[in-house]
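Chemist: got a predicted structure plus its sequence, pasted below:
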Amino acid sequence: MLQRHLRAACAAAAAAGALLVAGLSGSASAQPSTSPALPTAAETLRTADTSPALLGALQRDLGLDRRQAQRRLANEAEAGSVAGRLRAGLGEDFAGAWVRGAESDTLTVATTDPADVPAIRARGADAVVVDHSLAELDAAKDRVDRAAAHRVTTASPVWYVDVRSNTLVVQAIRADAARSLLAAARVDASLARIVKSAEHPRPLYDLRGGDAYYIDNSSRCSIGFPVTRGTQQGFATAGHCGRAGSSTTGSNRVAQGTFQASVFPGNDMAWVAAGANWTATPYVNGSGVQVAGSAQAPVGSSVCRSGSTTGWHCGTVQQLNTSVTYQEGTVTGVTRTSVCAEPGDSGGSFISGSQAQGVTSGGSGNCTSGGTTFFQPVNPILQSYGLTLKTTGSGPGDPGDPGDPGDPGGTWSAGTVYQAGDTVTYGGASYRCLQGHQAQPGWEPPNTPALWQRV
């Protein structure tokens, strides 16, 4: 387990977010550490920089005290690194990973091969042996995505791979609609589970006045994350908020920018290029929440959302790679969460600790009775449009500009979006990516064992 027992001697480190994870010296295809000065995952992802506003929302919505919230964020950072190493080591046997507990102090890793159990436990994680690999379940979901492109799926609007139950789940208003969709996709019944649900997800925009930004002087959405593209400044947001060419004004009704590209449905992503009077900053909604990177949080992790209608609300990551059907069509590749949201929150920021996760897409329910919200992950937006996330600064080191005499060379490049499993070279060595993220100066593979494993 991760951080089962916190010793008094570690209290100061815990308060700073630098928690240790039991079992990191285990041997699931691990490389021995040669430098005790290398940062922990919590240090790399800067969980200690989490703002008081976000910590307050986390405490309110997840029922935690401040120390628990700090420990949870640090444990989730370490869990992502451990899960990434195990995923690389288990290969095709890997069947998913998730955290649980008030402080996310237990990491569970699923495998299809009982022989993997000792390696998983050696890393400090609980092991579960299941029937289906993550690759098998993802392939089944891909078939449902393709089948849904030619069908009306409003009666079975949500489907996702649930690693905790080792099934492909279809949420349906009518069970027969789910069965029909699965049959059309030729998905074996042993892989799927139908869950009855009355949810009617919808994009979260509205036509009311308020803060955030306005599209064509009409509808309102929320800024996601400030970005740059070369010297051009702007922000990422939801695709359903506006089409390419749509103009935006800020919450002060001053001319702001223009949508450069937008996709919805299919995905729910867009970016707005801002005018010269607007400056991209590494903060969320001026509340002091700092954005330090975009490392993807594991299933079960805490995640918080900021929107112009309801402000800060928190919950947990329920499933990655979800598909959801709105009235306008199906959106794939979003993340399902237990966070509430309301109209006008669309496009707003989802963040875990100091790591950008995505932009609010849609959902069901509200922030009075509770609800489910989906977000479009930010890394695909950055990758699709060649954007660079605005962050608070470099990590533990700075390699200098390309071409400097000290440049170690290799294929790793700051600004590139890497997915788990990608390989690069740096300084004559090869490395495998452990967690999806956009690379930035200071996050070179040798400096960030939370994100890269030498191979």
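Modeler: Great, that's in hand.
Chemist: tell me how many other residues surround residue 277.
Modeler: With neighbours defined by other C-beta atoms under 10 Å, the count for residue 277 comes to 10. Using the backbone N, CA and C atoms, a C-beta is placed for each residue, glycine as well.
Chemist: what's the answer for residue 289, then?
Modeler: Residue 289 sits with 24 neighbouring residues when counted by other C-beta under 10 Å.
Chemist: how about it: what's its closest non-neighbour residue?
Modeler: residue 51 (4.2 Å; C-beta to C-beta, 6 or more residues apart in numbering).
Chemist: for that neighbour, phi and psi?
Modeler: phi -70, psi 160 (degrees, to the nearest 10).
Chemist: ok, it touching residue 290?
Modeler: Yes: Residue 51 sits in contact with residue 290 when judged by C-beta atoms under 8 Å, with a separation of 6.5 Å.
Chemist: what are the ranges of the helices in the stretch 351-455 of the chain?
Modeler: The residue ranges that make up the helices of the stretch 351-455 of the chain, judged by DSSP state H, counting those that start in this stretch, are 378-385.
Chemist: for residue 304, see how far away the residue nearest to residue 289 is.
Modeler: When distance is defined by C-beta to C-beta, to the nearest Å, residue 51 is 10 Å away from residue 304.
Chemist: next: residue 104.
Modeler: Counting by C-beta to C-beta, the gap from residue 104 to residue 304 is 14 Å.
Chemist: go on, residue 99?
Modeler: Distance from residue 99 to residue 304, counting by C-beta to C-beta: 16 Å.
Chemist: which residues does residue 283 contact?
Modeler: Remark: with contacts taken as C-beta atoms under 8 Å, 6 or more residues apart in numbering, residue 283 is in contact with 226, 289, 290, 291.
Chemist: let's have those residues in TSV, adding pLDDT, secondary structure and distance to residue 388.
Modeler: Written out in TSV, the entries for the contacts of residue 283 read as follows (pLDDT from 0 to 100; DSSP: H, G, I helix; E, B strand; the rest coil; distance: C-beta to C-beta, whole Å):
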residue	pLDDT	secondary structure	distance to residue 388
226	91	strand	10
289	78	strand	19
290	87	strand	16
291	92	coil	12
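Chemist: how about JSON lines for those residues, with distance to residue 69 added?
Modeler: Formatted as JSON lines, the entries for those read as follows, by distance: C-beta to C-beta, whole Å:
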{"residue": "226", "distance to residue 69": "25"}
{"residue": "289", "distance to residue 69": "14"}
{"residue": "290", "distance to residue 69": "16"}
{"residue": "291", "distance to residue 69": "18"}
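Chemist: nearest to residue 347, of those residues?
Modeler: Within those, distances to residue 347 taken as C-beta to C-beta reach their minimum at residue 226, with 12.5 Å.
Chemist: from the contacts of residue 283, which would you call buried?
Modeler: 226, 289, 290, 291 (16 or more other C-beta atoms under 10 Å).
Chemist: tell me where the stretch 1-150 of the chain has helices.
Modeler: 11-15, 41-44, 52-62, 66-90, 117-122, 134-148.
Chemist: please settle this for me: is residue 322 part of a strand?
Modeler: Yes: if the criterion is DSSP: H, G, I helix; E, B strand; the rest coil, then residue 322 is within a strand.
Chemist: skipping adjacent residues, who's closest to it in space?
Modeler: Sequence neighbours aside, residue 160 is the residue nearest to residue 322 in space, at 3.8 Å (criterion: C-beta to C-beta, 6+ apart).
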